[in-house]
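**Student:** please find the sequence and the predicted model below.
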2 protein chains.
Amino acid sequence: MTYGVGMKLDHGLIFMSDTRTNAGVDNISTFTKMHQWTVPGERVVTVLSAGNLATTQAVMSVLDERTKAPIDREPSILETPTMFRTAELVGETVASTIARHRGEGQEAESTFDATLIVGGQIVGMPPRLFLVYPEGNFIEASADTPFLQIGETKYGKPILVRAFDPEMTFVEAVKLLLVSFDSTIKANLSVGAPLDVVWYANDSLDATAPRRIDASNPDWMAVSDGWGDALRAAFGSLPDPDLDGLPSR
Amino acid sequence: MTYGVGMKLDHGLIFMSDTRTNAGVDNISTFTKMHQWTVPGERVVTVLSAGNLATTQAVMSVLDERTKAPIDREPSILETPTMFRTAELVGETVASTIARHRGEGQEAESTFDATLIVGGQIVGMPPRLFLVYPEGNFIEASADTPFLQIGETKYGKPILVRAFDPEMTFVEAVKLLLVSFDSTIKANLSVGAPLDVVWYANDSLDATAPRRIDASNPDWMAVSDGWGDALRAAFGSLPDPDLDGLPSR
């Protein structure tokens, strides 16, 4: 499993993903699930991936044109005219990669599926954020649904639903993402540290390098410890229910 | 889907379940998923069910011996010598019901599976709480895992993990359960109001009637509204992360 979130804020985009991959619970490794393509001043594209690692690595290699000798590479993901076409390109690449593996060799126990979050900006157009399905089709984040999740999405969703605010700063967004990821990691072995995070300020058209947050990061530890206390305090502040006959002790 | 929780507190047991059943999203009904058997002064047994409604209704009918004429009924669930045997009886009934339907007629698209929470007390022995799987085997709640969930368990788990305390009163337990159910209902259409709740004080050996909490219940509305505000306040109280290069706006 995996957990990845992309958020569309008023002043930019922010992405976070975990790095745990597993084949069963006894075979765990660390791989980044965050990939970026940049032409400074012209475009920045960030992709988060969840699902079968062989599929997502193949998709990234094809998008990167690592199938070609270095001098022949002109990745088409750097040449799409719009972010919509970028999402389509990623979708086509995912769908064709899955179709190829499905047709080959013996049947696998698990599926080859992969789901991706694609976000970024191309000069002259607004930033956009998409969720690409294994079938290659996709949905776009909107004012009504300003964040998209992939992988093990359920544990970390309630806090996003309650606390997300499109006007939040990058600092607040990182804090919110840390709470959401911390809740997920505490509940599900298949999501794990370190975390990768990257942010993009609208119209900057330049990539910041993804930051890695490991389990000993003091900011993360402060949020994790503080969240347990803050939750209990929040819970204590609620009014007591008064059901007929409910004993007070 | 369904959401049900059984909790083992120091001074008793408490159970909550939703009442929504669905066959697709366009066919939604309300059925209770909470069943009780009592011999005052001798035993109280509460069962929550999740899964295929035909299976769970059949299991409850068989346990009730509603397969027999009223005068011949001596439900064996009222005669098991221990709560362990009660859980075994429920498990055997579930497994045989599922096996019978699997063998019959055409193959169904969905499975006939059902998962149950079984808890209660028999005179002279301590109260016990079990989770019974579709295969008929079961696990017991312990000091390490003092609450058990069935159905759509993920959205409502983080708050249980963080705020559960075995010393809590029934009032606090109802409040915690309302928060956990509210988070789940806000995220998943297949879990819905009204909610059923019942509590059992250790050694009382008498059942309280389950209370029904509907969506307009002022206690639930107060908890639901208060929880959104309290969560945002809790979130605001966390220290700001200070990642290298993270812009403060």
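**Tutor:** Cool, the structure landed. Numbers count the residues shown, from 1 in each chain, chains lettered A, B, ... in the order given.

**Student:** which neighbouring elements make contact with the helix or strand hosting A:F84?
**Tutor:** Secondary structure from DSSP states H and E places A:F84 in helix A:83-103. In terms of contacts (3 or more CB pairs under 8 Å, 6 or more residues apart in numbering or on different chains; DSSP states H and E), helix A:83-103 is packed against strand A:43-51, helix A:53-64, strand A:114-122, strand A:128-132, strand A:138-140. Where you see a C-beta, it was placed from the backbone N, CA and C, and this is true even at glycine.

**Student:** ranges for the strands of chain A?
**Tutor:** Listed in chain order, the strands of chain A (DSSP state E) span A:3-9, A:12-18, A:20-22, A:28-30, A:34-39, A:43-51, A:114-122, A:128-132, A:138-140, A:147-151, A:195-201, A:211-213.

**Student:** hey, least reliable of these by pLDDT?
**Tutor:** Among the strands of chain A, strand A:28-30 has the lowest mean pLDDT, at a mean of 82.

**Student:** give the pairing partners of that strand; include direction for each.
**Tutor:** Each strand that pairs with strand A:28-30, with its direction, by DSSP bridges: strand A:20-22 (antiparallel).

**Student:** any idea how far the strand it pairs with is from the chain center?
**Tutor:** 15 Å (CA atoms, centre = their mean, to the nearest Å).

**Student:** repeat for stretch A:200-211
**Tutor:** Chain-centre distance of stretch A:200-211: 16 Å, with CA atoms, centre = their mean.

**Student:** ok so, going back, let me have the strands of chain A in JSON lines, extended by distance to B:G12 and mean neighbour count.
**Tutor:** Converted to JSON lines, the strands of chain A look like this (distance: least, CB to CB, whole Å; neighbours: other CB atoms under 10 Å in any protein chain shown):
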{"stretch": "strand A:3-9", "distance to B:G12": "36", "mean neighbour count": "26"}
{"stretch": "strand A:12-18", "distance to B:G12": "39", "mean neighbour count": "25"}
{"stretch": "strand A:20-22", "distance to B:G12": "39", "mean neighbour count": "20"}
{"stretch": "strand A:28-30", "distance to B:G12": "40", "mean neighbour count": "11"}
{"stretch": "strand A:34-39", "distance to B:G12": "48", "mean neighbour count": "18"}
{"stretch": "strand A:43-51", "distance to B:G12": "42", "mean neighbour count": "26"}
{"stretch": "strand A:114-122", "distance to B:G12": "44", "mean neighbour count": "26"}
{"stretch": "strand A:128-132", "distance to B:G12": "45", "mean neighbour count": "24"}
{"stretch": "strand A:138-140", "distance to B:G12": "46", "mean neighbour count": "16"}
{"stretch": "strand A:147-151", "distance to B:G12": "37", "mean neighbour count": "23"}
{"stretch": "strand A:195-201", "distance to B:G12": "40", "mean neighbour count": "23"}
{"stretch": "strand A:211-213", "distance to B:G12": "42", "mean neighbour count": "18"}
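
**Student:** give the buried residues for stretch A:61-76.
**Tutor:** Buried positions in stretch A:61-76, judged by neighbour count with 16 or more other CB atoms under 10 Å in any protein chain shown: A:V62, A:L63, A:E65, A:P75.

**Student:** now tabulate those in TSV and tack on pLDDT and distance to B:T21.
**Tutor:** Formatted as TSV, the buried residues of stretch A:61-76 follow (pLDDT from 0 to 100; distance: CB to CB, whole Å):
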residue	pLDDT	distance to B:T21
A:V62	92	45
A:L63	92	44
A:E65	85	51
A:P75	84	50
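
**Student:** pick out whichever of those residues sits closest to B:D242.
**Tutor:** Of all the buried residues of stretch A:61-76, A:L63 has the smallest distance to B:D242: 33.3 Å, by CB to CB.

**Student:** what pLDDT does the residue nearest to that closest one when sequence neighbours are not counted get?
**Tutor:** Leaving aside its chain neighbours, A:L63 sits nearest to A:I77 (4.9 Å; criterion: CB to CB, 6 or more residues apart in numbering or on different chains). As predicted, A:I77 sits at a pLDDT of 93.

**Student:** surely A:I77 and A:A87 touch.
**Tutor:** No: A:I77 is beyond contact range of A:A87, at 10.4 Å (criterion: CB atoms under 8 Å).

**Student:** between the two, which has more neighbouring residues?
**Tutor:** Legend: neighbour count by other CB atoms under 10 Å in any protein chain shown for A:I77 and A:A87, higher for A:A87 (28 against 22).

**Student:** tell me the contacts of the more buried one?
**Tutor:** In this structure, A:A87 makes contact with A:V118, A:R128, A:F130, A:V132, A:F138, A:E140, judged by CB atoms under 8 Å, 6 or more residues apart in numbering or on different chains.

**Student:** give the contact list for the fourth one.
**Tutor:** Each residue near A:V132 by CB under 8 Å, 6+ apart is listed here: A:A87, A:V90, A:G91, A:V94, A:T115, A:L116, A:I117, A:V118, A:F138.

**Student:** rerun at 6 Å
**Tutor:** Going by CB atoms under 6 Å, 6 or more residues apart in numbering or on different chains, A:V132 touches A:V90, A:G91, A:L116, A:V118, A:F138.

**Student:** again, but for the fifth one
**Tutor:** Going by CB under 6 Å, 6+ apart, A:F138 touches A:A87, A:G91, A:F130, A:V132.
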